[in-house]
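> just coords:
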């Protein structure tokens, strides 16, 4: 087998992440080698499920059950009415937020991301999955952590869909880390298989083999029979990718795969395709043809488009080697039609190339040229401009061959034409592979370069923000000290002098009353000066820390009567927070409460500070009139910019949730 031939065979691997969608609502799942599809049930049966859940929601239900039922309704709507599905998800999210059902919100956002993905709304799918992960982190239960691990796996699938392989590997490794903590062997077997295949995609064959063997270890620990079968199949594929066909066949045989009417068609076609390719690599063409034929029959039975297209193209390749050109043409034409229907350019590319070979060998040069042209057009969608120039040169050579077809009618020259044709096409294949690998390496370097530039720009912005914030706090501290020690001392001295003068002066009743008013005004000035100095740099923050300073600040707001503020702190009484972080968080809370006082028309507010492990969470909520949080993206207000800059300076996360008439909730997470 030519190097790289195995990579042209796309293998469907049945790797599930353990998540089962309710009521057979099937999804398009991505594995490390190719996308494969599940077909949903009939719409009328789905409508029946919609009606059933709608009736259920009309009855009294616990909040948790209602949230999950609303999610199920959204899932069932996906097949019946997509617009209603989106609305149902929004309703479920609104209810979950109102009731603070964090685990259920995680499930809702996770399922919503699959709807976005199905609609090719990739950015929204990733954002929805990230939100699901945030809510799972708020719940310290086994099932929440398991679904968090599954969510990272789903993110990896999305990244793989868009050829962002490095991000996909990183997400899979996060998922594996969580699953190892939970000791979920069966799920770990699946994830190790996913990562193994991805490492194969990027040419990291040592790691591909390492993770494939890890997957087998965990698959054997599980209770499912399908787990070891999949693990052995992945190992067989791994070794065949590295041309170790003896080991590949040994692992394939170790799987002891057997199928029945309940077997998954994706796994069936995967097994047959890998087995066929291994036998082909070993030169056992009859056995290889048998397994490709089995794949074709199974694919036709279940109407599996990819299996039908790939198996027929590969059967044609074997028939060409056996010089059975008539049967090869029949399989090729059927496979090409199937590839057209599913828009599989790689299969079409191979199909057109094989057709061109057959027609050239059998002397039908016009057809050979036509299909070579089609092969070139498809290849142009897969390769770079450099590769297109190479194909242009081949086209000129082929054009010269076409002009010589009169001479090639003679038997001796016909044989020479066949040899030349095979040499040209073989050279084209080698050039295609070299150019493809070169382009792939170039793209990876470009991506890493751009990523490094973005990191440097971010570091520069953070450094500038840090300098501004530190300068601002230093200036506040200086002004507070000058006001308190300088102006405060002077005003107190003036008051003391006036009080001494009062005992030595003889004044009329009117003058005495005016003198007393002046003393009172001086007292008010001293109190106002001390209040301003305290706001600039709270003494409690410097001496006693963030918890005490925030408690005093909320108490002062309550005392003013402008707003009733409840302060709660959990787990931070013994936490040591560096002064820069404490001051920054204090200013953020101060700005948020000020915004509530100015704009929210709220009666009550809550300020809550909690620490979980190394994460400090600050929540500020009010019962005010709320607003459309989308306007914050266009907001140019200094207050909101200060909040965002301070959160970015702390490398924290900021989430704003607000709706008209339902108050506002701001969540900030910072590592300490």
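Happy to help now that I have it. Since the structure is predicted, the reported quantities are computational estimates derived from the model, not experimental observations.
> Strands of the protein, start to end?
All strands of the chain, identified by DSSP state E, fall at 29-30, 35-36, 564-570, 604-612, 615-622, 653-658, 664-671.
> how about those in TSV, adding mean pLDDT and distance to residue 643?
(Glycine included, C-beta is placed from N, CA and C.) Below are the strands of the chain laid out as TSV (pLDDT from 0 to 100; distance: least, Cβ to Cβ, whole Å):
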stretch	mean pLDDT	distance to residue 643
strand 29-30	26	38
strand 35-36	32	42
strand 564-570	90	18
strand 604-612	91	14
strand 615-622	92	10
strand 653-658	89	7
strand 664-671	91	8
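> can I get these in CSV with distance to residue 98?
Formatted as CSV, these follow (distance: least, Cβ to Cβ, whole Å):
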stretch, distance to residue 98
strand 29-30, 33
strand 35-36, 37
strand 564-570, 19
strand 604-612, 15
strand 615-622, 12
strand 653-658, 10
strand 664-671, 11
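> can you put those strands in JSON lines and add distance to residue 140 and mean neighbour count?
Shown next, in JSON lines, are those (distance: least, Cβ to Cβ, whole Å; neighbours: other Cβ atoms under 10 Å):
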{"stretch": "strand 29-30", "distance to residue 140": "29", "mean neighbour count": "20"}
{"stretch": "strand 35-36", "distance to residue 140": "35", "mean neighbour count": "19"}
{"stretch": "strand 564-570", "distance to residue 140": "13", "mean neighbour count": "15"}
{"stretch": "strand 604-612", "distance to residue 140": "8", "mean neighbour count": "18"}
{"stretch": "strand 615-622", "distance to residue 140": "12", "mean neighbour count": "21"}
{"stretch": "strand 653-658", "distance to residue 140": "18", "mean neighbour count": "16"}
{"stretch": "strand 664-671", "distance to residue 140": "15", "mean neighbour count": "20"}
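> mind checking pLDDT for residue 497?
Turning to residue 497, the model gives it a pLDDT of 61.
> sorry, that was for residue 8
38.
> I'd like to know how many residues surround residue 523.
The number of residues packed near residue 523 is 12, by other Cβ atoms under 10 Å.
> Now do it against residue 361, distance only.
From residue 523 across to residue 361, the span is 108 Å (Cβ to Cβ, to the nearest Å).
> same deal with residue 665?
Per Cβ to Cβ, residue 665 is found 71 Å from residue 361.
> Contact partners for residue 94?
By Cβ atoms under 8 Å, 6 or more residues apart in numbering, residue 94 lies in contact with residue 659.
> Please work out which helix or strand belonging to this protein has the smallest mean pLDDT.
Here the helix or strand of the chain ranked lowest by mean pLDDT, DSSP states H and E is strand 29-30, holding a mean of 26.
> What is the burial count for residue 293?
Residue 293 has 16 neighbours, counted by other Cβ under 10 Å.
> what's near enough to touch it?
Shown in contact with residue 293 (Cβ under 8 Å, 6+ apart): 311, 315.
> Among the strands of the chain, which comes closest to residue 332?
Between residue 332 and the strands of the chain, the shortest separation by Cβ to Cβ is 22.9 Å, and it involves strand 35-36.
> gap between the residue nearest to the spatial centre of the chain and residue 117?
Centroid-nearest residue in the chain: residue 155, 3.5 Å away (criterion: Cα atoms, centre = their mean). As judged by Cβ to Cβ, residue 155 and residue 117 stand 10 Å apart.
> thought residue 80 was touching residue 48?
No. Applying Cβ atoms under 8 Å, one finds residue 80 not in contact with residue 48, separated by 9.9 Å.
> neighbour count winner among the two?
A count of neighbours by other Cβ under 10 Å puts residue 80 above the other of residue 80 and residue 48, at 16 against 13.
> pLDDT at that one, what is it?
For residue 80, pLDDT reads 79.
> what about it, distance to residue 220?
For residue 80, the distance to residue 220 equals 42 Å [Cβ to Cβ].
> do residue 348 as well
On the measure of Cβ to Cβ, residue 348 and residue 220 end up 40 Å apart.
> same deal with residue 115?
Residue 115 is 36 Å from residue 220, by Cβ to Cβ.
> which of the two has more neighbours?
Shown here are residue 115 and residue 220; by other Cβ under 10 Å, residue 115 has more neighbours (23 against 13).
> list the contacts for that one?
Residue 115 sits in contact with 74, 78, 82, 85, 86, 89, where contact means Cβ under 8 Å, 6+ apart.
> Quick one: buried ones out of those residues?
For these, a neighbour count by 16 or more other Cβ atoms under 10 Å gives the buried set as 74, 78, 85, 86, 89.
> between those residues, which is nearest residue 300?
Nearest to residue 300 among the buried ones among the contacts of residue 115: residue 78, at 28.3 Å, using Cβ to Cβ.
> these two touch, right, the closest one and residue 85?
Yes. Under the criterion of Cβ under 8 Å, residue 78 makes contact with residue 85 at 4.5 Å.
> Can you give me the neighbour number for residue 278?
Counted with other Cβ under 10 Å, residue 278 comes out at 25.
> So residue 159 sits against residue 174, correct?
No. Here residue 159 does not reach residue 174: they are 11.8 Å apart, not a contact under Cβ under 8 Å.
> The two: which has the busier surroundings?
The residue with more neighbours, out of residue 159 and residue 174, is residue 159; 22 against 19, by other Cβ under 10 Å.
> Do you know the pLDDT at the more buried one?
pLDDT, residue 159: 87.
> Ok, residue 179 next?
Note on residue 179: pLDDT of 90.
> What of residue 385?
For residue 385, pLDDT reads 32.
> follow-up on the earlier one: rebuild the buried ones among the contacts of residue 115 as TSV, extending it with distance to residue 211.
Output for the buried ones among the contacts of residue 115, formatted as TSV (distance: Cβ to Cβ, whole Å):
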residue	distance to residue 211
74	35
78	33
85	36
86	37
89	35
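> nearest to residue 431, of those?
Using Cβ to Cβ, residue 78 comes nearest to residue 431 of those, at 45.1 Å.
> so how far is residue 111 from that closest one?
Here residue 78 is placed at a distance of 9 Å from residue 111 (Cβ to Cβ).
> Also residue 295?
According to Cβ to Cβ, residue 295 and residue 111 sit 33 Å apart.
> Among the two, which residue is more densely surrounded?
Remark: of residue 295 and residue 111, residue 295 carries more neighbours, 29 against 24, as counted by other Cβ under 10 Å.
> ok, the residue lying closest to that one once chain neighbours are set aside to residue 151 distance?
The shortest distance from residue 295 to any non-neighbouring residue, by Cβ to Cβ, 6 or more residues apart in numbering, is to residue 272 (3.6 Å). Distance of residue 272 to residue 151, computed by Cβ to Cβ: 32 Å.
> Settle it for me: which of those two has more neighbours?
The neighbour comparison of residue 272 against residue 151 (other Cβ under 10 Å) goes to residue 151, with 30 against 25.
> domain assignment for this protein?
483-536, 540-671 (automatic domain parsing).
> low-confidence ranges in the stretch 301-450 of the chain?
381-418, 421, 424, 427, 435, 437-438, 442, 449 (pLDDT under 70).
> make it 50
Flagging of the stretch 301-450 of the chain using pLDDT under 50 yields the residue ranges 384-398, 400, 404-405, 407-408.
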